[in-house]
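> Prediction below, plus the sequence it came from.
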Amino acid sequence: MREFYTQVEDGRLVKIEVELEAEENIMDMAIYPWLYTVFIKLKSPLENGLADEDEEDFLLECKDRLALKLEEKEKAVYVGLKITDGWFEIYFYLEDPKGVENKTKDLMGAFGYKYESNSVKDKKWNLYEVNLYPSAKQAHHIQSKHIIQEIEEEGDDLTKPREVEHYILFQTASLREKFEEVLEDKTLTIEGDFAFTCKGDFERDEEEYTYGVALGVVQTLEQEQINQITDILMDLCKEHHGHYEGWSTSLADEQH
């Protein structure tokens, strides 16, 4: 499964595509110890360093064709790409870098783009784990994006405020109780003027996190605001030894 997300690195906006199941799709990471990167120079980068829609679509097609070529006979594994600072960077892990550059050169010549490439040993797939794979917060941003898209397809106005329930889980009932004491009479106001109200306790048949609490907050479903609130709650969970599970809501018109 491939997913896109964005983040800021060293003050620069970065758009990332990651193959989330890259490790699961192969028998053994040790078979592919070489990291191979192709750096393609954008022809018309935007002011933020990303590609415009047409160029991005074209380079994604080029990436797919290159992946098909390199992955012949399971000699390479595509793991992701980055678009940043005027560059389109494609990442593979290889069984052996021998002959790979010739295949890349043939295709890149047909695409008409300037590029650079290199291969280095990365037996533990550190670049994939650290620089491509989403963090816990980014994973929730991706999950939220899919929920928002489904709601938008129902014709909902995402800018309309509505109550959203966020779910937090704890390993013990006492940890949940201590967390609820922080709510100060069932209401907690956190930075950004969001007031969280305790909607009730629940329990789940899980091995590790069993004791849950639902928090309600009135907010929009705009991606930026959802991300801001989930980040706040994830930080709060970490502080109080909890686990942020996710959120749910209904269409705005159904709440009025």
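Arrived safely.
> Count the neighbours of residue 208 for me.
8 (other C-beta atoms under 10 Å). All C-beta atoms are positioned from the backbone trio N, CA, C, and that covers glycine.
> Check residue 252 too.
18.
> Just to check, it is in contact with residue 157?
Yes. Residue 252 is in contact with residue 157 according to C-beta atoms under 8 Å; the separation is 6.1 Å.
> And the strands in the stretch 1-150 of the chain?
Ranges of strands within the stretch 1-150 of the chain are 2-9, 12-19, 34-41, 76-84, 87-94, 115-121, based on DSSP state E, counting those that start in this stretch.
> Tell me which of the ones you listed sits nearest to residue 214.
Nearest to residue 214, of all the strands of the stretch 1-150 of the chain, is strand 2-9, at 26.4 Å by C-beta to C-beta.
> just checking, what packs against the closest one?
The contact analysis (3 or more C-beta pairs under 8 Å, 6 or more residues apart in numbering; DSSP states H and E) places strand 2-9 against strand 12-19, helix 136-153.
> Buried by neighbour count: which residues of it qualify?
Under the neighbour-count criterion of 16 or more other C-beta atoms under 10 Å, strand 2-9 has 3, 5, 7 buried.
> so where is the stretch 151-256 of the chain shaky, pLDDT-wise?
Along the stretch 151-256 of the chain, the parts satisfying pLDDT under 70 run over 184-192, 254-256.
> Which parts of it are helices?
Along the stretch 151-256 of the chain, counting by DSSP state H, counting those that start in this stretch, helices occupy 173-182, 223-239.
> Tell me which of the strands of the stretch 1-150 of the chain lies nearest to residue 152.
It's strand 2-9; of those, that one is closest to residue 152 (C-beta to C-beta) at 16.7 Å.
> which residues touch that closest one?
13-20, 84, 134, 138, 141-142, 145 (C-beta atoms under 8 Å, 6 or more residues apart in numbering).
> any chance of the helices of the stretch 151-256 of the chain in CSV, with mean neighbour count and distance to residue 62 too?
Converted to CSV, those look like this (neighbours: other C-beta atoms under 10 Å; distance: least, C-beta to C-beta, whole Å):
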stretch, mean neighbour count, distance to residue 62
helix 173-182, 15, 50
helix 223-239, 17, 28
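> Format the ones you listed as JSON lines; extra columns: distance to residue 112.
Listed next are the helices of the stretch 151-256 of the chain as JSON lines, based on distance: least, C-beta to C-beta, whole Å:
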{"stretch": "helix 173-182", "distance to residue 112": "58"}
{"stretch": "helix 223-239", "distance to residue 112": "35"}
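> For residue 111, which of those is the nearest?
helix 223-239 (32.1 Å).
> For that closest one, which helices and strands make contact with it?
Using 3+ C-beta pairs under 8 Å, 6+ apart, the elements in contact with helix 223-239 are helix 136-153, strand 162-170, strand 194-203, strand 211-219, strand 242-248.
> Same list as before, the ones you listed that is, but in TSV and with distance to residue 80 and mean neighbour count included.
Shown next, in TSV, are the helices and strands packed on helix 223-239 (distance: least, C-beta to C-beta, whole Å; neighbours: other C-beta atoms under 10 Å):
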stretch	distance to residue 80	mean neighbour count
helix 136-153	13	15
strand 162-170	29	20
strand 194-203	33	15
strand 211-219	31	19
strand 242-248	24	18
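> before we move on, the earlier item: closest to residue 228 out of the strands of the stretch 1-150 of the chain?
Judged by C-beta to C-beta, the one of those that comes nearest to residue 228 is strand 2-9, at 14.3 Å.
> chain center to the closest one, what's the gap?
Taking the mean of its C-alpha atoms, strand 2-9 sits 6 Å from the chain's own mean (C-alpha atoms, centre = their mean, to the nearest Å).
> what pairs with it, and is each one parallel or antiparallel?
Here strand 2-9 is paired, per DSSP bridges, with strand 12-19 (antiparallel).
> List the contacts of the strand it pairs with.
Residues outside strand 12-19 that contact it (C-beta under 8 Å, 6+ apart): 1-8, 25, 48-50, 78-85, 132-134.
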